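[1] Output the structure for:
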Amino acid sequence: MAQTLKTIKLDVSAEQSFVYLKCKQYDSNSRIYQIILTDQNKPMTSLIGNELITATMQRADGNSVDTVCQWNNGKLYLNMTDGMLAVPGDGTLEIRVYNGNNTEIISTMIAHVNVQRSTLPYDRMIKSDEFNVLNNLILSVMNMAETTAEVERLLEKIKTDIATYERDYNSLSQEAQNLINDLNILLTNVGTQENQRIANENIRITNENQRISNENERIANENARNQAEQKRENDTNAAIANANNAINNTITNINNTVNETITDLTNQTNDTITNANTRIDNAISNMNKTLHDTVENTNTKVIEAISNMNAEIDNTMTNINSEINNVINDVNTAKEETIIATNNAIESTNNANNAASNINQLNQTIANEEAIRIANEKQRIANEETRQNQEAERKRNNIELVKSANEAISNTLTVIENSNTATTRANAISDDLEEKVATNYFKGEKGDNGVITTLSGQFGLQVEGDYLVLYYTKGEQSPNMSVDEDGYLVLEIPETE
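    Now for the predicted structure:
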């Protein structure tokens, strides 16, 4: 069927009164326009080629007719329908654009359409028995010679398509089987890996439970150690205090003992000296008395008395010196014992201080180790959170993998089923066409004689070779024909009375 294709621009913002479409009444599926939608005379780049776009034409009789524009390779086409061209005269046209939710988002300015009246008395013919006789005759003449060849080409194409379907079916079947095998292997591997993961996870859980148990035991031991350490520090502090008190008491006691001993020795020495002086005085007094009483004694007695007195004095002095030496020795011994006790007290204090320093170092070491343990525990918690997140992601990936595998299998089975259906349908169509060709179905029975009707006032156009031939009734004036600036063939039909 002959068709005309023209490109027009319709704007959503600028005035469109100059856009004037010229069409012919009763033309059917032959007036096609490529629509370019613009905004301020610039192509709309926001359209992506899948929007719903409709055309509404208000005819000269006031009625409106709608149709849907079609996208083809990113271009928009409007095919003027029978309803749009049924009434001659001036009409208006607008294009509406809808989004994915069928909500209108924009429409063009009004464009004008002129539908020229057809010379065919369509209203009269549609009520008569000869409706479309001329058109049917013309189509029969044009299509009769092509019917058999077209059917044969169709049969050949169907056979080719069937062979293609069979090859595609076999290929799809093999690919589907390979896909199913691959999916089974994948699912088997996933199942094996999942079982290994579960086993590893069970081991991890067991180790984690053991770690928690060990951690609880460590905490209990640490609490017991802290309590023991606190008790030890308290006992050490008490021992140091007791040692200091003992040292102070010992030094005090020693000093008191030394002072008392020195006092006692001094008193004893003084008493001894006093007694010695008394005895010497007594001896001298006795000697004087003896000398006085015994003037007559001989010198021997005097010498003896003096000798005895000197011996007694010597003995007294010897005893005094011995006692003094004993006192000095006792004092020295007491001093030595005091020094030894003091040194022992100092050594005890130093030992206590060293023990306290060691305790402090031990506490610092424990604190450092505890800080390291806390840092390691925080890292373990972070690693555990990462593992849990990875585990959740793995589960989601497994779900998506299984879902994708099921969808792939379902899609493959659907493709196989569609291929089977297409092959069956193609075979049925081929068999049906072959049967119709064999039974002369397309030729049909001879019909009744055609109805002869006048061609007065009617004209016919026939393409013959490279020429367009005009047929009209002999004796009538032929219409003037010309090609306008838009490339349309214009016939000026003379009015008939």
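
[2] Quick one: name whatever helix or strand follows the lowest-mean-pLDDT helix or strand in the chain.
    Using mean pLDDT, DSSP states H and E, the weakest-scoring helix or strand in the chain turns out to be helix 122-125, at a mean of 48. Remark: after helix 122-125, the chain's next helix or strand is helix 133-293, criterion DSSP states H and E.

[3] Now do the end-to-end distance for stretch 20-39.
    Using C-alpha to C-alpha, to the nearest Å, one end of stretch 20-39 lies 19 Å from the other.

[4] Buried residues of that stretch, list them for me.
    21, 23-27, 31, 33, 35, 37-38 (16 or more other C-beta atoms under 10 Å). Using the backbone N, CA and C atoms, a C-beta is placed for each residue, glycine as well.

[5] how far out from the middle of the chain is that stretch?
    53 Å (C-alpha atoms, centre = their mean, to the nearest Å).

[6] again with stretch 274-281
    117 Å.

[7] Nearest the middle, which residue of this protein would you pick?
    Glu393 (8.9 Å; C-alpha atoms, centre = their mean).

[8] Validate this expectation: it resides in a strand.
    No - Glu393 sits outside any strand when classified using DSSP: H, G, I helix; E, B strand; the rest coil, being helix.

[9] how about the CA coordinates for stretch 312-327, as CSV?
    What follows is stretch 312-327, C-alpha atoms only, in CSV (Å, rounded to 0.1, in the frame of the first residue of the first chain):
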residue,chain,number,x,y,z
GLU,A,312,94.6,-2.8,151.0
ILE,A,313,94.7,0.5,149.0
ASP,A,314,96.1,-1.4,146.0
ASN,A,315,93.4,-4.1,146.3
THR,A,316,90.7,-1.4,146.6
MET,A,317,92.0,0.4,143.5
THR,A,318,92.3,-2.8,141.6
ASN,A,319,88.7,-3.7,142.4
ILE,A,320,87.6,-0.1,141.5
ASN,A,321,89.5,-0.3,138.1
SER,A,322,88.1,-3.8,137.4
GLU,A,323,84.5,-2.6,138.1
ILE,A,324,85.2,0.5,135.9
ASN,A,325,86.5,-1.7,133.1
ASN,A,326,83.5,-4.0,133.5
VAL,A,327,81.2,-0.9,133.3
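
[10] pLDDT of it, averaged?
    Averaging pLDDT along stretch 312-327 gives 76.

[11] And Thr274, how far from Asn282?
    Applying C-beta to C-beta, to the nearest Å, the value for Thr274 to Asn282 is 12 Å.

[12] Gly91 in helix, strand or coil?
    strand.

[13] Please apply the same query to Leu468.
    Looking at Leu468 with three-state DSSP, the answer is strand.

[14] and what of Thr54?
    strand.

[15] doesn't Asp66 make contact with it?
    Yes - Thr54 lies in contact with Asp66 (C-beta atoms under 8 Å); the separation is 5.8 Å.

[16] Compare the two and say which one has the larger neighbour count.
    Using other C-beta atoms under 10 Å, the more surrounded residue of Thr54 and Asp66 is Thr54, with 16 against 12.

[17] residue contacts, that one?
    Contacts were defined as C-beta atoms under 8 Å, 6 or more residues apart in numbering; by that measure Thr54 touches 66-69, 95-96, 98.

[18] could I have stretch 214-232 exported to PDB, CA atoms only?
    Listed next in PDB are the C-alpha coordinates belonging to stretch 214-232 (Å, rounded to 0.1, in the frame of the first residue of the first chain):
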ATOM      1  CA  ASN A 214      38.800 -19.200  80.000                       C
ATOM      2  CA  GLU A 215      38.000 -15.500  80.100                       C
ATOM      3  CA  ASN A 216      35.600 -16.000  83.000                       C
ATOM      4  CA  GLU A 217      38.100 -18.100  84.800                       C
ATOM      5  CA  ARG A 218      40.800 -15.400  84.200                       C
ATOM      6  CA  ILE A 219      38.500 -12.800  85.500                       C
ATOM      7  CA  ALA A 220      37.800 -14.900  88.600                       C
ATOM      8  CA  ASN A 221      41.500 -15.500  89.100                       C
ATOM      9  CA  GLU A 222      42.200 -11.800  88.500                       C
ATOM     10  CA  ASN A 223      39.600 -10.800  91.200                       C
ATOM     11  CA  ALA A 224      41.200 -13.400  93.600                       C
ATOM     12  CA  ARG A 225      44.700 -12.000  92.800                       C
ATOM     13  CA  ASN A 226      43.500  -8.500  93.300                       C
ATOM     14  CA  GLN A 227      42.000  -9.400  96.700                       C
ATOM     15  CA  ALA A 228      45.200 -11.300  97.700                       C
ATOM     16  CA  GLU A 229      47.300  -8.400  96.400                       C
ATOM     17  CA  GLN A 230      45.300  -6.000  98.400                       C
ATOM     18  CA  LYS A 231      45.600  -8.200 101.500                       C
ATOM     19  CA  ARG A 232      49.400  -8.600 100.900                       C
END
